[in-house]
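**Q** Kindly return the folded structure for what I paste below:
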Amino acid sequence: MTRSVELACELIARRSVTPHDDRCQAIVGERLARLGFVNEIMVAGPAHAPVTNLWSKRSGPSANQAHRATKLIVFAGHTDVVPTGGDDLWRSDPFTPTLRDGHLYGRGAADMKSSIAAFVVAVEEFLLAAPASALSIALLLTSDEEGPAIDGTFRVCEALQSRGERLDYCIVGEPTALLHSGDMIKNGRRGSLSARLTIRGKQGHVAYPDLARNPIHLAAPLLSEWAATSWDAGNEFFPPTTWQVSNIHAGTGAGNVIPGSVVIDFNFRFGTASTPQSLQQRVQATLLQHALDFELVWTLGAEPFLTPPGALLQVAREAIMLETGIDAALSTTGGTSDGRFIAKICPQVIELGPPNASIHQIDEHVPLDEIEALKNIYRRVLEGLSRRLQA
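**A** The predicted structure is shown next:
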């Protein structure tokens, strides 16, 4: 068993279901402290369910020397995991890390305790070989990524920004790979814009529809129109914006009553070809055209972010090629991540992690050799960025 797998097992054994950390960050912090990292614990959220955040930083020897260049790279991730979905449905206990058929099984194996283990061991190996590197390194870990994500990375980034911390590069360890670690890098993510639409009609008896006004019938043409709408064509970095209904609520429960209102939840996933404001304006205009009695409440869950070609992407792709022989694909698809918060204070943010085929599933797992490959990729990124500082 490699050191990366050993640490991943130690973390998986902690029952850190959101928002609990269950000492995962303490385990990581203790190892980093031995390397000269300074650990800062930031606790936020309600007293009955606090969120734990770790900001651990080691400054390069040139950090306080104006005549020498220095850069800060941050490895970011989350120690919290989603619920198991029923411990008895797993082949082995989800919080007892199990090695079986060349895979590591356990909740968080892929999302994302193996990445955190790979972060730490990569940093250990890099600093053992290059203790005087001018590169500054930090880890940002939260126990509130799988939950509301209000008191986690968002709060840490607020604190870092308020005191003028400068971040140059960031790798988020989300499971981005399709088959092998490094085959896909997320160099951005789409935004998420949700809405709750209430359309009001008039309640009545189903046998006397002329005395009522069915809001579901009123909504049907509207939903059909939106489903057929091309909201934008996307661009070279992002696919076209998508619109999806997630929930529809109406009715009294009786089969002979026309409801008085219908509530419809829908969501946009959008890139930089649209803005939240442009999407909201188009929706509002359509509602007015249909002459509906409505109420609309918007929630902007995330704005899109994009890291264009630059030093971090170049070094990461070179590291992947050297370690695996894979020419990494760039993608901005998928859901949201904490990268959206970090991108507001860091110009170059990418997501790079292990295969994601089993995340959030029963019997979540990751191939053992992919953990080691990922650790080596992270170490090679550190080596590549360090060489750039020396050039």
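
**Q** Just give me the longest helix of this structure.
**A** For the chain, the longest helix by residue count, based on DSSP state H, is helix 368-390.

**Q** Now do it: distance to the chain's middle.
**A** Using Cα atoms, centre = their mean, to the nearest Å, the mean C-alpha position of helix 368-390 is found 21 Å from that of the whole chain.

**Q** just stretch 335-347 next, same as before
**A** Its chain's average C-alpha position is 8 Å from that of stretch 335-347, according to Cα atoms, centre = their mean.

**Q** if we look at the strand or helix carrying L32, which residues are touching it?
**A** Using DSSP states H and E, L32 sits within helix 24-33. Contacts with helix 24-33, where a contact means Cβ atoms under 8 Å, 6 or more residues apart in numbering, come from 7, 10-11, 14, 16, 37, 39, 41, 52-54, 56, 58, 79, 113, 116, 120, 123-124, 139, 141, 143. Every C-beta, even on glycine, is put in place using the N, C-alpha and C of the backbone.

**Q** Would you mind writing the CA trace of it as CSV?
**A** Only the C-alpha atoms of helix 24-33 are listed here, as CSV (Å, rounded to 0.1, in the frame of the first residue of the first chain):
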residue,chain,number,x,y,z
CYS,A,24,-10.0,14.9,8.7
GLN,A,25,-8.5,18.3,8.5
ALA,A,26,-6.6,17.7,11.8
ILE,A,27,-5.0,14.7,10.2
VAL,A,28,-3.9,16.7,7.2
GLY,A,29,-2.9,19.7,9.3
GLU,A,30,-0.6,17.6,11.5
ARG,A,31,1.3,16.3,8.5
LEU,A,32,1.6,19.7,6.9
ALA,A,33,2.8,21.3,10.2
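
**Q** If you average the pLDDT over it, what comes out?
**A** What helix 24-33 shows for mean pLDDT is 98.

**Q** same thing with stretch 285-304?
**A** 96.

**Q** what's the first-to-last distance across it?
**A** This stretch, stretch 285-304, spans 24 Å end to end (Cα to Cα, to the nearest Å).

**Q** ok, and for it, which residues are buried?
**A** L287, L292, F294, A302, E303, P304 (16 or more other Cβ atoms under 10 Å).

**Q** so of these, which ones are in strands?
**A** F294, A302 (DSSP state E).

**Q** now, the most widely separated pair of the buried residues of stretch 285-304?
**A** Using Cβ to Cβ, the buried residues of stretch 285-304 reach their maximum pairwise distance at L292 and P304, which is 29.6 Å.

**Q** all helices for this structure, in order.
**A** All helices of the chain, identified by DSSP H, fall at 3-12, 24-33, 114-129, 153-162, 215-228, 276-289, 311-324, 339-342, 368-390.

**Q** so which of those helices gets nearest W243?
**A** W243 sits nearest to helix 215-228 of all those, at 5.7 Å, using Cβ to Cβ.

**Q** Touching that closest one from outside, list them.
**A** In contact with helix 215-228 (Cβ under 8 Å, 6+ apart) are residues 199-201, 243, 245, 250, 259-262, 264, 266, 283, 286-287, 290, 292.

**Q** Would you mind getting the angle between that helix and helix 276-289?
**A** Inter-element angle recorded for helix 215-228 and helix 276-289: 140 degrees (by axes from the mean of the first three to the mean of the last three Cα atoms, to 10 degrees).

**Q** The most centrally placed residue in the chain: what's it in contact with?
**A** The residue lying closest to the centre of the chain (Cα atoms, centre = their mean) is S337, at 1.9 Å. Neighbouring residues of S337 by Cβ under 8 Å, 6+ apart: E145, V172, E174, K186, R189, E351.

**Q** ok, the closest residue to the first one other than its chain neighbours - how many residues close by?
**A** Put plainly, it is E145. Excluding its sequence neighbours, the residue lying closest to E145 (Cβ to Cβ, 6 or more residues apart in numbering) is H78, at 3.3 Å. Using other Cβ atoms under 10 Å, H78 has 32 other residues around it.

**Q** mind checking how far H78 is from D22?
**A** 13 Å (Cβ to Cβ, to the nearest Å).

**Q** Contact partners for the residue nearest to E145?
**A** M112, L141, T142, S143, D144, E145, E146, G152, T153, D338.

**Q** Of these, grab the buried ones for PyMOL.
**A** Applying 16+ other Cβ under 10 Å to the contacts of H78 leaves a buried subset, and the PyMOL line that selects it is:
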select buried, resi 112+141+142+143+144+145+146+152+153+338
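
**Q** will you turn the contacts of H78 into a markdown table that also has distance to A227 and pLDDT?
**A** Shown next, in a markdown table, are the contacts of H78 (distance: Cβ to Cβ, whole Å; pLDDT from 0 to 100):
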| residue | distance to A227 | pLDDT |
| --- | --- | --- |
| M112 | 34 | 97 |
| L141 | 40 | 98 |
| T142 | 36 | 98 |
| S143 | 38 | 98 |
| D144 | 34 | 97 |
| E145 | 31 | 97 |
| E146 | 30 | 96 |
| G152 | 34 | 98 |
| T153 | 34 | 98 |
| D338 | 31 | 96 |
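
**Q** And the contacts of H78, which is closest to H365?
**A** Each of the contacts of H78 was scored against H365 by Cβ to Cβ, and M112 proved nearest at 13.2 Å.
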